[in-house]
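J.: the following block contains a protein sequence and its predicted model.
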Amino acid sequence: MTKYREILRLKSLDFSERNIAISCVVSRNTVAKVVKKAAEYNLVWPLSDDLTDEALGKILFPKEQSATPDYSYIRKELLRNGVTKKLLWIEYCEECRMNGEDPLMYSQFCHYIQQDEQKRRASMHIPRKPGEQIEVDWAGDSAYIIDPDTGETTDVRIFVGVMTYSQYTYVEAFINEQQKAWLTAHINMYNYFGGVAKILVSDNCATAVNIKSKNWYTPDLNKSYYALAEHYGTAIIPARVRKPKDKPNVEGSVNLASMWIIAALRNEQFFSLSELNAAIMDKLKTLNSNEFQKKEGSRLSVFLGEEKPLLAALPATRFELADWQKPTVQFNYHVAVDKMYYSVPFHYIRNEVDVRVTETTIEIFYQQIRIASHRRLYGRPGQYSTKEEHMPEEHQKYLEWNGDRFRKWAEKIGANTHIVVDGILTSGRVEQQSYRSCMGLLKLTEKYSPEKIEEACRKALTFSHSPSYKSVKNILVTMKKDMPDTKSEEIQKSNQHGITRGAGYYGGARHD
């Protein structure tokens, strides 16, 4: 931008055009043109503060003002494959000619784009309070351990946690970045710090948030991670995707850990994870104890002096690692967890539930209400853990089918019935095979009196030492047929004096 105000100010002090050109870094012709145009518009120094260089340029040279590019459009287009500044400048020039405007030169076009980008890169320093926040992340660089038997190397992942105020850092190596490793790292980090900060800023990874959630502005926390936050009394704020400035302290600590710990151990060999973590801990102590370059003290001294006293106390009990699953209740009112089956109340059939899985316990929740709890099963897949109160009433009655129950029922009817039922129960290879026959015999009490059933069993025992349900039923049917017909006896009594015929038999009146 030409310094119009400075040119006019120096001219009012009777500087020569040559000296003005040197001072304002413009040509003598430009100085002459500006002075001439100012005289035409009666612009005399001193000028109003509202007349900036940009405003003066529009007044002095209205037709020479170039069209301003659409920087937001240019910024979006440059993100597309194959789009360059040269291509956008050509399109910009064509649009200016169609509108009758003067375009910028290519060098000016690129210069203004760069200035706009620099404005967008403005950063803000956010002051942190002691003990307020912890930032956590996985380091991009990995270390490795060696199998002592095969010599094969295995990459291990590096977890980094940092107190944002003091920069006090925690580093630990894990075999992978899965849920168990992620939660264990947090537990060990809190123990290392000796307290809990109010806020925990984490990476936006699958072990922290539900990746199925489409809303990145209000992410859905992973249930296990949320349970950890509740246990320690902290609030988790996941960073936005591809927004490293949301957790700048841990990003810087990751670089320091890569340089002062991982790179420093590059020439050493480790044959176990515990051996590697012991070496990391030694390097970590040195990192935290080193003096700051631009301020007094070290990470350790600032942490102990200003942050640790403000941290919340650790919980009395250690956080129990748990995995969460979302199965659907099957028609047999069980949910499948790691190829084992656990019952829930039958009226939750076909509902999706939340299952909390620990090493010892299975807890089942529906809409955040616990509806069932079981001891975790181990061993052969396909085992069932079923509670009787979860079953429908008719299923509970089925469980009551057993030999002792049928024997007690038969004993109430009579000794012969007890002998028959006992014989039926012992007739098969296993007792359960005869339950249906005993249940059929029990059902006969709905049609026959106990006395008749006892009599039928007595007769059945005269034919066989172990009569079946079918033989007893047939005897009861036969006994019913042999019984006299009461209605027929009454008719015979009424006809003791002969056969009485009606009037129609003797040709009496008929009524058609």
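T.: Looks like it arrived, so ask away.

J.: wait, Thr417 touches Ala410, no?
T.: Yes. If you go by Cβ atoms under 8 Å, Thr417 and Ala410 touch, sitting 4.5 Å apart. Quick note: C-beta positions are derived from backbone N, CA and C, even for glycine.

J.: please enumerate the strands of the stretch 51-200 of the chain.
T.: 133-138, 143-146, 153-163, 169-174, 199-202 (DSSP state E, counting those that start in this stretch).

J.: ok, then the element right after the helix or strand containing Asn288?
T.: Using DSSP states H and E, the element containing Asn288 is helix 273-289. Counting by DSSP H and E, the element after helix 273-289 in chain order, helix or strand, is helix 299-302.

J.: quick one: closest of the strands of the stretch 51-200 of the chain to Phe406.
T.: Nearest to Phe406 among these is strand 169-174 (59.5 Å), distances taken as Cβ to Cβ.

J.: next, the angle from the closest one to strand 133-138.
T.: Interaxial angle of strand 169-174 relative to strand 133-138 (axes from the mean of the first three to the mean of the last three Cα atoms, to 10 degrees): 30 degrees.

J.: neighbouring strands - and their directions - for strand 169-174?
T.: strand 153-163 (antiparallel) (DSSP bridges).

J.: if you count neighbours, what's buried in the strand it pairs with?
T.: Val156, Arg157, Ile158, Phe159, Val160, Gly161, Val162, Met163 (16 or more other Cβ atoms under 10 Å).

J.: quick one, what contacts the fifth one?
T.: Contacts for Val160 were tallied using Cβ atoms under 8 Å, 6 or more residues apart in numbering; they are Val136, Asp137, Trp138, Ala139, Thr169, Tyr170, Val171, Val250, Ser253, Val254, Ala257.

J.: dump these into a markdown table; add neighbour count as well.
T.: A markdown table is the format used below for the contacts of Val160 (neighbours: other Cβ atoms under 10 Å):
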| residue | neighbour count |
| --- | --- |
| Val136 | 23 |
| Asp137 | 22 |
| Trp138 | 19 |
| Ala139 | 20 |
| Thr169 | 26 |
| Tyr170 | 24 |
| Val171 | 27 |
| Val250 | 28 |
| Ser253 | 27 |
| Val254 | 24 |
| Ala257 | 26 |
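
J.: tell me which of those is nearest to Tyr232?
T.: Using Cβ to Cβ, the shortest approach to Tyr232 within those belongs to Val136, at 12.7 Å.

J.: could you export the buried residues of strand 153-163 as JSON lines, including distance to Ala263 and pLDDT?
T.: Putting those into JSON lines (distance: Cβ to Cβ, whole Å; pLDDT from 0 to 100) gives the following:
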{"residue": "Val156", "distance to Ala263": "15", "pLDDT": "91"}
{"residue": "Arg157", "distance to Ala263": "16", "pLDDT": "90"}
{"residue": "Ile158", "distance to Ala263": "12", "pLDDT": "89"}
{"residue": "Phe159", "distance to Ala263": "17", "pLDDT": "91"}
{"residue": "Val160", "distance to Ala263": "14", "pLDDT": "89"}
{"residue": "Gly161", "distance to Ala263": "20", "pLDDT": "89"}
{"residue": "Val162", "distance to Ala263": "18", "pLDDT": "89"}
{"residue": "Met163", "distance to Ala263": "23", "pLDDT": "90"}
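
J.: could I get those residues as a markdown table with distance to Gln325?
T.: Compiled in a markdown table, the buried residues of strand 153-163 are given as follows (distance: Cβ to Cβ, whole Å):
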| residue | distance to Gln325 |
| --- | --- |
| Val156 | 27 |
| Arg157 | 24 |
| Ile158 | 29 |
| Phe159 | 24 |
| Val160 | 29 |
| Gly161 | 27 |
| Val162 | 32 |
| Met163 | 34 |
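
J.: which of those sits closest to Phe331?
T.: Arg157 (42.0 Å).

J.: for the closest one, name its beta-bridge partners.
T.: Phe174.

J.: show me what the host helix or strand of Glu451 is packed up against.
T.: Assessed by DSSP H and E, Glu451 sits inside helix 450-463. Contacts defined by 3 or more Cβ pairs under 8 Å, 6 or more residues apart in numbering; DSSP states H and E place helix 450-463 against helix 403-413, helix 415-425, helix 469-482.

J.: packing partners for the longest one?
T.: Which is helix 469-482. Going by 3+ Cβ pairs under 8 Å, 6+ apart, helix 469-482 lies up against helix 435-443, helix 450-463.

J.: thank you, goodbye.
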